[in-house]
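>>> Need a 3D model of the sequence below.
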Amino acid sequence: MAQQHHEMTGAGPVTGTAGEALTAYLQDQATEFLRSLRLHRESSTDAQGAEESLEASISLRRAARRIGGTLHTFRPLLDADWASALRPELAWLSGTLAQEHAYATRLDRLLEALHRLSGPAPVPGPTGQAGTLHAAAALAAPAAGRRSAAQRNGWAQPRPAVPSAADGGSTPRGLAVGAAKAAALLERQLTLARTRAHSTALQAFGSSRFHAVADNVAVLASEVPLKGAEKDAERDLADQAEQARADLDEAVAALPLGQAGHPYNAGALAHGLAPTDTAPDAQDAPWLQVRSLLRLHRYAQEVLLGHARPDPRIADASHALNVHREAASAAGAAAQAARTPRIAPATAYALGVLHADQRHEVEAARFVFQRAWLREEARTR
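Below is the predicted model of the structure:
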């Protein structure tokens, strides 16, 4: 069953009072939430429905994020107690359901990066170690069942030259030796984390907390608790959306866009090599905050304009920050794997190269965001 995206009727601006526009959007997202929940339950009972269940889960998270973000941005127009109670529950649900997919995406990204760094030839590994041999096979053929890094990131990635027999291969021997074991270690750790996240998601779906959220969303699909004094205030939607944009502008102004605008400035990598575990997180935090605020801005524009085609500049900036988060999380996973006790020096070396590669991806994503954001600013002037 193909997943169909549920869209609001009409591609132009939403007309009517602020209360009517906000009600229409929230009810549309609540309907999408309930439809995705039904599809998830139906596919979960089918042995062949794993892909459909994943698509339904993604759609469910998407609707939950939009409802929660709208409750945050337009909270002055809504019943304060109701919105304050529902919003953190939606955030909990969205975060819980996102973990399994995040671990799977992270593993794919790291294995593809290892293949790119070590070359397309199969990486030799000690015989008798099933995990290492399995990882070497995964490195040798990453295209099977996986998106390429260039397709996922949205910009071209340089591919390594195929080593020839004459030159004996251009990949450093230490990296070639350690890549397979590094892949096996990452696959073991991230697969275990994904399995735990899957169990946590299943427990969440069966919990009374989730059923309470679903009941509240079902009520939302039929009735949105607005403040009585705000039902006819047509300018309030635009005011709240403008405030969301102002918060975004303030957060972006605090970013080092000047440095990010210079390719290969090594800023992300230099901070990533700090001895403390919290240094990269502290450096990435402002960019992740901008990503959250940009998402709120996009949702506010959806309320105002319906599901018209988004501004490509905003879409490009949002995509760049999504890649930024994925690359930063992948670098963290490589660093965590490198701290595993008693690993071979060659494995640690491969993980270090992988960590540096993903921090360079973080830097590239910041460069793309800077260019997209400056184009957006020039358009609004």
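
>>> buried residues in the helix or strand containing Glu32?
Per DSSP states H and E: Glu32 is located in helix 18-44. Within helix 18-44, the residues that count as buried by 16 or more other Cβ atoms under 10 Å are 18-37, 39-40, 43. Yep, even glycine has a C-beta here, placed from its N, CA and C like the rest.

>>> again, but for stretch 187-205
Of the residues in stretch 187-205, 187, 189-190, 193-194, 197, 201, 204-205 count as buried by neighbour count, 16+ other Cβ under 10 Å.

>>> Go through those and say which is closest to Thr340.
Of all the buried residues of stretch 187-205, Gln189 has the smallest distance to Thr340: 8.0 Å, by Cβ to Cβ.

>>> Name the nearest residue to the closest one, ignoring sequence neighbours.
Ala337 (5.9 Å; Cβ to Cβ, 6 or more residues apart in numbering).

>>> returning to that earlier point: closest one to Leu117 out of the buried residues of stretch 187-205, please.
Nearest to Leu117 out of those is Glu187 (Cβ to Cβ; 16.1 Å).

>>> Specify the local secondary structure of that closest one.
Using DSSP: H, G, I helix; E, B strand; the rest coil, the three-state assignment for Glu187 comes out as helix.

>>> thought it was touching Leu111?
Yes: assessed by Cβ atoms under 8 Å, Glu187 is found in contact with Leu111 at 7.2 Å.

>>> downstream neighbour of the helix holding Glu32 in the secondary structure list?
helix 50-73.

>>> Provide a list of residues in contact with the residue nearest to Arg66 when sequence neighbours are not counted.
Once flanking residues are discounted, Arg66 sits nearest to Gln29: 4.8 Å by Cβ to Cβ, 6+ apart. Contact analysis of Gln29 by Cβ atoms under 8 Å, 6 or more residues apart in numbering lists 63, 66-67, 70.

>>> and the longest helix for this structure?
The residue-count maximum for a helix in the chain (DSSP state H) belongs to helix 80-118.

>>> hang on, Trp82 packs against Glu223?
No: using Cβ under 8 Å, Trp82 is not in contact with Glu223; the gap is 10.6 Å.

>>> between these two, who's got more neighbours?
Trp82 (17 against 10; other Cβ atoms under 10 Å).

>>> which residue packs closest to that one, ignoring adjacent ones?
Nearest to Trp82 is Pro225, by Cβ to Cβ, 6+ apart, at 4.9 Å.

>>> Roughly how far does that neighbour sit from Ala21?
As judged by Cβ to Cβ, to the nearest Å, Pro225 and Ala21 stand 16 Å apart.

>>> now the helices: where do they sit in the stretch 101-250 of the chain?
For the stretch 101-250 of the chain, applying DSSP state H, counting those that start in this stretch gives helices covering 130-140, 149-153, 173-205, 208-220, 235-253.

>>> List the buried residues of the fourth one.
Neighbour counts over helix 208-220 (16+ other Cβ under 10 Å) mark 210, 213-214, 216-217, 220 as buried.

>>> Distance-wise, check Ala85 relative to Gln29.
From Ala85 to Gln29 the distance is 17 Å (Cβ to Cβ).

>>> can you check Gln289 too?
Taken as Cβ to Cβ, the span from Gln289 to Gln29 is 24 Å.

>>> Also Glu363?
35 Å.

>>> Would you mark the buried spots in the longest helix of the chain?
Using 16+ other Cβ under 10 Å as the test for burial, helix 80-118 gives 82-83, 86-87, 89-90, 92-94, 96-118.
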